[in-house]
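Trainee: Mind looking at a prediction? Sequence and model below.
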Amino acid sequence: MISSSFDAIIPMLCVALAGLVVLLAESFRGRDEKMPLGGLAIIGLIGAGAASILLWNRNATSFGVVTADNFSLFVNLVLVAVGILTVIFSSQTLDRDKIPAGEYYAIMLFAIVGMMLMGQATDLLVIFLALETMSIAVYVLTGIRREQQQSTEAAFKYFLLGAFASSFFLYGVAFLYGVTGSTNLDRIGSVIAAQSMSGNPMILLGVGLLIVGFSFKVAAVPFHMWSPDAYEGAPAVVTGFMSTGVKAAAVAAFVRVFLSSLEPMIAEWAPVLWVIAAATMILGTVVGVAQTSLKRMLAYSSIAHGGYLLAGLVAGNDVGKAAILFYLAAYALTNLGAFGVIALLGTRERANDDLRDYAGLFKSHPALAVLMTFFLLSLGGFPPTAGFIAKWYVFSAAIGSGYYGLAIIGVLSSVVSVFFYLRIVVMMFMTDRDARPVPAPITTMAYAGLVLSLIGVLYLGVLPTAVIDFAQASISTIF
Amino acid sequence: MLALIPLLPFAGFLVNATMGRRLPKAVTGGLASAVMVLSFLLAAMQVWSLAAMPPESRQINQTLFTWITAGDFSLDLALRLDALSAVMILVITGIGSLIHIYSTSYMHEESDEAFARFFSYLNLFCFFMLMLVLGSNVLVMFVGWEGVGLCSYLLIGFYYEKKSASDAAKKAFIVNRIGDFAFILGSLLLVVTFNTLDFTTIALAAKELPVEVTFGTLSLITLLLFIGATGKSAQIPLYVWLPDAMEGPTPVSALIHAATMVTAGVYMIGRNAVLFEHAPITLQIVAVVGAATALMAGTIGLVQNDIKRVLAYSTVSQLGYMFLAMGMGAFGAGIFHLMTHAFFKACLFLGSGAVIHALHGEQDIRKMGGLKKHIPITYWTFVIASVAIAGVPGLAGFFSKDEILFETFLHGHQILWGVGVLTSLLTATYMFRLVHLTFHGEPRFAGAHGAADSHHAPAAHAAHARDRHHAEEHADPVHPTTHAPVHLHDAPAPMAFALIVLAIGSVLAGYVGVPHALGGHNNLGAWLEPAFQATNCGQPVTTGELAGIAIADCLPGEEAVGAEDHTSLELSLMAVSSLVAFAGIGLATFLWLKRKDIPAQMATQFSGVHKLLLNKYYVDEVYDATIVQPIKVVSQEGLWRGFDVKVVDGAVNGAGYFVSGVSIVLRLLQNGSVKTYAASIFAGAVAILAFYLWR
Amino acid sequence: MGSDALLFYLFAGAAVVGALLVVTQRNPVYSVLALIGSFFGLSGLYVLLEAPFVAVVQIIIYAGAIMVLFLFTVMLLNVPREDAAEWDQAHPLYRPMAVRIGGVLALLLALELGWALSRTAGLGGDVAGDHPAVSSVAELGRVLFTDYMFAFEVTSILIIVSMVGAVILAKKRED
Amino acid sequence: MSIGHYLVLSGVLFSIGAAGVFLRKNLITLLLSVEIMLNAVNLAFVAFGRQLGTVDGQIITFFVMTVAAAEAAVGLALVIGLFRHRESLNPEAFTSLKW
Amino acid sequence: MNGLPLLSIAILLPIIGSVVLLLVSNRDGSKNGLVRNLTLAISLVTFAATLMLWAGFDASAGAPAFQFVERHAWIPAFGIEYYVGIDGLSLMLLVLTGFLTPLALLSGWDSVEKNVKEFSIFMLLLEASMIGVFSALDVFLFYIFWDFVLIPMYFLIGIWGYDQRIYAAVKFILYTMAGSVLMLVAIIGLSWLHQSMTGEYSFDLLKLYEMNIPEGTQYWMFLAFTIAFIIKVPLFPFHTWLPDAHVQAPTPGSVILAGVMLKMGGYGLIRFAFPLFPEAALYFAPLLATLSVIAIVYGALVAMVQPDMKKLVAYSSVSHMGFVVLGIAAFNMQGLQGASYQMLAHGVSTGGLFCIVGMLSDRRHTRQISEFGGLKTVMPRLTAVMLVLTLSSIGLPGMNGFIGEFLIMLGAFKWDPRFVVVAALGVILSAVYMLWMFQRVFYGTITNSHNEDLRDLSFREWAIIGPLAAAAIGMGVVPNVFLKPMEPAIQRLVDRVQAHQPLVVLREPAPSPQAPKPTGPQDLRIAEVAR
């Protein structure tokens, strides 16, 4: 029983091993001895990616609680991409910010393990554990620059609210367990489907509390308030990492739970998520308008993007599921690119993430400015970038289920968001003042990472067919 | 072949416009005049071949190409020569060439560039004017119609550095546009009604329609067209641009604002005679407007002091006559007067031009007088023309004017007839006031007495040349002028030639239309008659269902004007009007030659009336106050600064401000306190549960 | 009412009172101790629920380990009382709404939960309804290391992360 | 005793814990409040497990305790870090990130 | 000729060109000349390509509706294709685009000094996307081009514009985008509708034509499309982005903006809004017409009092494009032919006007009318050309402006004379504001000493303005050259819409709330008698 059923966990196993190796290497590392820790991490991630690809269509399960269906494998690949890009960008910023590389990479890898597990777990308890693993790791990453009060403060806020929210989540799990007698998604689903329990208050309590827990991780209004602070306080790279990875994992679990075992109750939870999604899109964009710190601005923007993702979830149809997957990929590449640029422009002393710091960037760093512009346009949903196709896909799903209102709110809010994305462009191109203080010269490695994500963004924008088909194949197998 | 008539001047325009400024004046002027003369000869040949045709099928058509096609609407760029347009092209090319010749010497003081520009404009004008009269459908005519407007705009504003000139030019164009507004609507209605714009086809179709006793579509069409005509032909209420148009060089005033362009409206009515005949109501309006204009302009002309303005008002008044005729349905008479008027009014203008030329830009008749002995040729031609316009028997004006008055009386409009007679009295009076003040009496022009300072001459000369450009339109009388008593040279050869020819014309032109009462045969009337009824014998009928009508029309026009049994009446009327003419002349002689104190006394006695007339009934001021200024102010303050910026754009920006305002408020919720954040999570949870439990 | 009911209310009271003390004490040390008290109440309830092993674990691990960690921290930082008073003086105008709202919300939540339960059928019967209690440690172990093995393994990663994390977060700055 | 009693009790405890997050002005007490909430959940699990007659409820509580321990460790580390920055444990003292 | 994919070539050439330019390193501006010439060459080749399209286009009645069609599957999962093809209407607009772009580049030859390379890249991208807009037959593809157009124009205004450029650029992109996104929703809705009707997703315009959409859906979808388009046009209440954008944009930007981009709105109305939702279009036409006549008069009046030449021309565009919408609202042959023609004419004349204003502001660095005066003395040639363009903008018969306006008024008159009565006021007012500006700028004596030694047209400027002036006259003399190719296309559109149109509407338009006072003749029975 054991032997055969390891397959499903191989991806996360690779990552976990990489994490352990990095940790050991760090512990055996002599003082200021250079070690290619980032390389190790990337190797592990690539292994995970390869494993995910090999597992394609195998639909393997392990221990009855972990599945490797295409859906989760797609998410895995996204996470692998997130991880690799993060490592690449980190390689430059770690030394600059005096961050202990070994622990950093190890914890990041473990976080990815948690994320992957969130996508693959089919048991509420495991999901909870995965969520905690991911969260705690990310708390640590957020506060890793402990000499900075902001960093620690952000980490603590994130941590406290996270613990608070996850206890709600856990309470929800408890109620579902109490009613259905199990934490296994399939069992819960079958029980709910068997005797229609949609009226049962305890089930409703459970569903409601689960919504709270997931929405918190997705940073959906009104459970979003941690994210601007956490994003601003964390190192830019980490912000990029959590704004993409955490969201991806949380959404994956969200989709799996609500569209598989809680599918029968869609009539119960769709209205709630409709409101949450709408509120998220609106607030994320509207409040973003007033921001002057880029990290904070993008924090709000990522709140808004969480709203778009939820719109796909509300739609609840196959298009929606595929759209969410596509959106995750597009958003991950774009946002990581953007945060990569921010990270590269920072210095040890200050993050240089204020709008004014970007004045005349086109003069001082034309390449960065151009790259940043592409990412911003993609975030704003302009063709021919990934952002446009992704938005179209999600709204198409929403409209397909008749949620015209949601789609209209979405497109209008995206117009508002364009305003603040363009503010950055204005600063970079249209105001003539050199960005200062000047950051350290940017390594080719970092450029490679940025170009990589740019290529991804444009590929998803111009030739999305392959990925769209891929996404559709991913959702076809499981739900 | 036909197309060459307009195209020749156009070629002249092209040459002069492109390379004119590099050519010597002789070449440019010569070329311009040459093309005009050529096209005159061509026109003559064409008319000759036209005359060779049987009267009812006198039409020469030439379709150049299909101009516009849109669905079932298709329009050719086609020319048509018939009896009516024949008269017009002769007048245009003939008088046009004369005026070109005249100008070669009149404009000689201009710079090469300006000289070339002048002649290129003049050629262009002739081109458009010919298009106007030759166009076989409304739109081609409209092309010419607007084109001549454009040229008049350019030529009025020829001295563009002069504010008054460019103002006048703009005014002319815009006032004309107001007419065009109606004209376009009229032609649109024509298309919708007849589904074509070809004059003949329309006429044939219109024939079949009942004469509208009540105000119907035809009345509306014709009324709209007529409004267009009032703009072009300076009738009430749109005549205001013509007096100002005198800012242009005098030959321009002669050609455009006396002989040809301003008569386009009359021609247009003649062109659509059938339509108008079917719309008696419109005809009434035309007649009344014409008469009113004639009278009003006459009264104004009585007191004006600018030689050219007097002539301008006289032009307006004479145009009123023509419209009166048209309104009577006496289209022949109208065109007849148009032709004669072209001769003597052109002559008068050119004469005045000669005077101004002699006086180096002086236009105020109060500063003239006694010029008779200085410039005899000008004097005699001027007098002949004045006699002609005054309507003294035997000269051109007499015949045409009489025919109009007779027709008016005949159609039982005694009042209008009275107005006409009164107007002719005024005409005679102000014309001879002009003659006397200009040529007779003691010289009042600058330096007439101060023979001493002759050595100022060259300087003064130079000064005058400039003066014409920069002088205000009313040179201030009290201003001490330093003009030297240079020998006032009479019109140079080219000018003299033109003057003399025109003078002869204004004597003889009348004899083409000697009424039957005087044993004549009114040849012109007979010649024109077929043009005023729809005959399509000349051209293959395009629209099939009209073919039947076509055959029926190839008989001689049955209702010929001037029936024999009215001979006595006609004779008596002639007597009246000739008496009136002599009376007018006498009155003028008495007042402005013998008893010069009386006018002054009258001016003071009826100062109110005098001022009113002097200021042209304050029409310009009224328009300005009631229309121009309000529109300006409303647009400036109301629409733009008020509505557009504050309301419309305010709403747009307001949306932006609203969003950012909300944003600023909302971000304050993010107050940094972890408890607040927890509270929002908690509240969210509670709300969701509440939703589930209370549902 | 039966003896177990008496015990239930006894332990429940202990738990609730302990909890209340935790959130009302100004001195964190007392709070920790009160919480430990509350845990004892809870473990009593676990016993009533025939889950002795959980009860023991609750005492040993929770009260014994985790709470000690708390106490240790409190001692380390040596802040006997929360410094709210002087902080409030420093910021006289700053009174987060959250504090007041929080209480109300908590009350609402309790009401909602209660109401939901009151509307749920089939909660009236005795806990130990028809099912026999499963309380043998052997059984626990078996299930834990078969059905829950993977979860158990996951916790190992969780613990590594928290260990490493705690270390780098709490380590003294070298600069 | 009926399952209802236990659930009500756990609800009460949960609410108290939640309220604690707001009432106290001490980071450590905030953490303690979260612990209370987790324990409330534990109680619910065990009670449910008892009712269902399975060991799952009890086993889940072990995992929850593990999580609680992990959270406590990290949380306390963060508290220490914060305390190092500003000699204070008052959550209101750490509002440098806002708006 | 139909062998090689001319259309894709026309779209791709500028894109490839911009990529090539990207490789030219021009940090210090040393290679500006090379970049400029290269760009010009590319745009000229593109123009040649459009001309070849024209040459190869079969305008005969029997010819296929859309020619040079290319379709390749793009996102088959949703039936999205790369599907381009042109009919006469598109063809003419393509030619206009190809014609204006090189001229626009020339007009910025000297005035654009900084970042020439980037400028050229954006210009080329702009051209490519505009060509794409006019030739896309897949609605999704159309939207992509439509949306992408905003970006280069945004940069053109924002980087190379005048002092208020950022405000103008942001306003431009947000305003127009806010309009477009609703169209996106409607487009998606359409595809789902098609899916629910036929079981397959499709954005194929021609297939969407064939759906008969339930009335209720039609109404809001029509509005969603139309709002996007009339913002672009721009129609009266949605016009305020235009003056800012125009005034702040650099001359080439203004030329393209006025010359081509505004046409995208009219094109969209003709190609998408009306034929896709005929009943709704029919229902809203009077409202559109009312707005358009308001725009005609309002724009003219506001233009009249502008102190800034560019603003004046901008508002005049509002007025002229009002005519276009009026013709579209009438949606009969004359109206549509007129509207299409007016779009071309306006592109030429207004583009030319912006060029000239640009030349003046290049010389004097101001566009205030009050700063000028008496320029005719120092620059007679420029004055002459300006006069030509002014007249064509006034709509003098024999010039391009007249043909369009006349046909539009004719079409509208057949539909509902009341609108024409108001619209014709524009004929007067256009003369007023244009001539007034002309007088104040060129006539009179030179009052401002700065104007005394302004040089007349340079050769380059001749190269810009000569073709425009020639086109302005030529289009007026031989309009059929341009009208004929469009006729079959427009005939088809009219048939499609009129098929849904009860005949009474030709006589009595659906009463719209704020229709202008009925002064037109109501009894046209004679019309039948005469025919």
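Mentor: Perfect, thanks for sending it.
Trainee: hey, let's count contacts and neighbours off CA atoms from now on
Mentor: Fine.
Trainee: Would you mind listing the buried residues in stretch C:156-170?
Mentor: Under the neighbour-count criterion of 16 or more other CA atoms under 10 Å in any protein chain shown, stretch C:156-170 has C:157-162, C:164-170 buried.
Trainee: any idea which of the residues you listed is closest to A:A267?
Mentor: Among these, C:L158 lies closest to A:A267 (CA to CA), at 35.8 Å.
Trainee: For that closest one, pull up the helix or strand it's in.
Mentor: Assigned by DSSP states H and E, C:L158 belongs to helix C:149-170.
Trainee: Over to B:D76?
Mentor: Going by DSSP H and E, B:D76 is in strand B:73-82.
Trainee: Could I get the CA-only coordinates of the helix or strand that that strand is followed by as PDB?
Mentor: Using DSSP H and E, the helix or strand that follows strand B:73-82 in sequence is helix B:83-106. Written as PDB, here are the backbone C-alpha positions of helix B:83-106 (Å, rounded to 0.1, in the frame of the first residue of the first chain):
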ATOM      1  CA  ALA B  83     -31.200  80.700 -74.100                       C
ATOM      2  CA  LEU B  84     -31.000  81.900 -70.600                       C
ATOM      3  CA  SER B  85     -27.400  80.800 -69.800                       C
ATOM      4  CA  ALA B  86     -26.500  82.100 -73.300                       C
ATOM      5  CA  VAL B  87     -27.300  85.600 -72.200                       C
ATOM      6  CA  MET B  88     -25.500  85.200 -69.000                       C
ATOM      7  CA  ILE B  89     -22.300  83.800 -70.400                       C
ATOM      8  CA  LEU B  90     -22.200  86.600 -72.900                       C
ATOM      9  CA  VAL B  91     -22.600  89.200 -70.200                       C
ATOM     10  CA  ILE B  92     -20.000  87.400 -68.000                       C
ATOM     11  CA  THR B  93     -17.300  86.900 -70.500                       C
ATOM     12  CA  GLY B  94     -18.000  90.100 -72.300                       C
ATOM     13  CA  ILE B  95     -18.100  92.500 -69.400                       C
ATOM     14  CA  GLY B  96     -15.600  90.200 -67.700                       C
ATOM     15  CA  SER B  97     -13.000  90.700 -70.400                       C
ATOM     16  CA  LEU B  98     -13.600  94.500 -70.400                       C
ATOM     17  CA  ILE B  99     -13.000  94.700 -66.700                       C
ATOM     18  CA  HIS B 100      -9.900  92.500 -67.000                       C
ATOM     19  CA  ILE B 101      -8.500  94.900 -69.500                       C
ATOM     20  CA  TYR B 102      -9.500  97.800 -67.400                       C
ATOM     21  CA  SER B 103      -7.800  96.300 -64.400                       C
ATOM     22  CA  THR B 104      -4.500  95.800 -66.200                       C
ATOM     23  CA  SER B 105      -3.900  99.500 -65.800                       C
ATOM     24  CA  TYR B 106      -6.000 100.200 -62.700                       C
END
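Trainee: which one of the buried residues of stretch C:156-170 is nearest B:E362?
Mentor: C:L169 (102.5 Å).
Trainee: The closest one and A:I144 touch, don't they?
Mentor: Yes: using CA atoms under 8 Å, C:L169 makes contact with A:I144 at a distance of 6.5 Å.
Trainee: for the stretch 301-450 of chain A, which spans come out with low pLDDT?
Mentor: A:434-437 (pLDDT under 70).
Trainee: what's the answer for the stretch 251-400 of chain E, then?
Mentor: The stretch 251-400 of chain E contains no residues with pLDDT under 70.
Trainee: So which elements touch the host helix or strand of E:I173?
Mentor: In this structure, E:I173 sits in helix E:165-198 according to DSSP H and E. Secondary-structure packing of helix E:165-198 (3 or more CA pairs under 8 Å, 6 or more residues apart in numbering or on different chains; DSSP states H and E): helix A:386-400, helix A:404-425, helix E:139-148, helix E:150-160, helix E:215-232, helix E:241-248.
Trainee: For E:V494, find the nearest of those.
Mentor: When the helices and strands packed on helix E:165-198 are compared by CA to CA, helix E:215-232 sits nearest E:V494, at 17.0 Å.
Trainee: Check which helix or strand E:W74 maps to.
Mentor: Assigned by DSSP H and E, E:W74 falls in strand E:67-75.
Trainee: Could you check which residue of chain E lies nearest chain D?
Mentor: Chain E approaches chain D most closely through E:V170 (24.4 Å), counting by CA to the nearest CA.
Trainee: how many neighbours does the closest residue to E:E461 other than its chain neighbours have?
Mentor: Nearest residue to E:E461, sequence neighbours excluded (CA to CA, 6 or more residues apart in numbering or on different chains): E:S107, at 7.3 Å. By other CA atoms under 10 Å in any protein chain shown, the residues close to E:S107 number 28.
Trainee: contacting residues around E:S107?
Mentor: E:251-252, E:355, E:358-359, E:461, E:464 (CA atoms under 8 Å, 6 or more residues apart in numbering or on different chains).
Trainee: Most neighbours among those residues, which one?
Mentor: Of those, with other CA under 10 Å as the count, E:T251 tops at 32 neighbours.
Trainee: Which residues are in contact with it?
Mentor: E:104, E:107-108, E:354-355, E:358.
Trainee: wait, what's in contact with residue 96?
Mentor: All of this is about chain A. A:R96 makes contact with A:347-348 under the criterion CA under 8 Å, 6+ apart.
Trainee: that's the wrong chain, I wanted chain E
Mentor: Per CA under 8 Å, 6+ apart, neighbours of E:L96: E:260, E:344, E:347.
Trainee: likewise A:S91?
Mentor: Per CA under 8 Å, 6+ apart, neighbours of A:S91: A:38, A:446.
Trainee: can you give me the helices in chain D?
Mentor: D:3-23, D:27-52, D:56-85 (DSSP state H).
Trainee: From the contact counts, what lies against the last one?
Mentor: Counting contacts by 3+ CA pairs under 8 Å, 6+ apart, the secondary-structure elements packed against helix D:56-85 are helix A:124-142, helix A:149-180, helix C:52-57, helix C:67-77, helix C:149-170, helix D:27-52.
Trainee: which residue does chain C bring closest to chain D?
Mentor: For chain C, CA to the nearest CA, closest residue to chain D: C:D126, 4.1 Å.
Trainee: Chain neighbours aside, what residue packs nearest to that residue?
Mentor: D:S2 (4.1 Å).
Trainee: Surely that neighbour is in contact with C:V127?
Mentor: Yes: in this structure, D:S2 is within contact of C:V127 by CA under 8 Å, at 4.9 Å.
Trainee: Neighbour count: these two, which is higher?
Mentor: Taking neighbours as other CA under 10 Å, D:S2 and C:V127 compare with C:V127 leading, 23 against 17.
Trainee: so what's that one up against?
Mentor: Per CA under 8 Å, 6+ apart, neighbours of C:V127: C:49, D:1-3, D:47, D:50-51.
Trainee: Where is pLDDT lowest across those residues?
Mentor: Ranked by pLDDT, the contacts of C:V127 bottom out at D:M1 (74).
Trainee: Pull up the gap between that one and B:K170, please.
Mentor: Applying CA to CA, to the nearest Å, the value for D:M1 to B:K170 is 103 Å.
Trainee: With B:K632 instead?
Mentor: For B:K632, the distance to B:K170 - CA to CA - is 16 Å.
Trainee: Check for me that B:F445 belongs to a strand.
Mentor: No: with DSSP: H, G, I helix; E, B strand; the rest coil as the criterion, B:F445 is located in coil rather than a strand.
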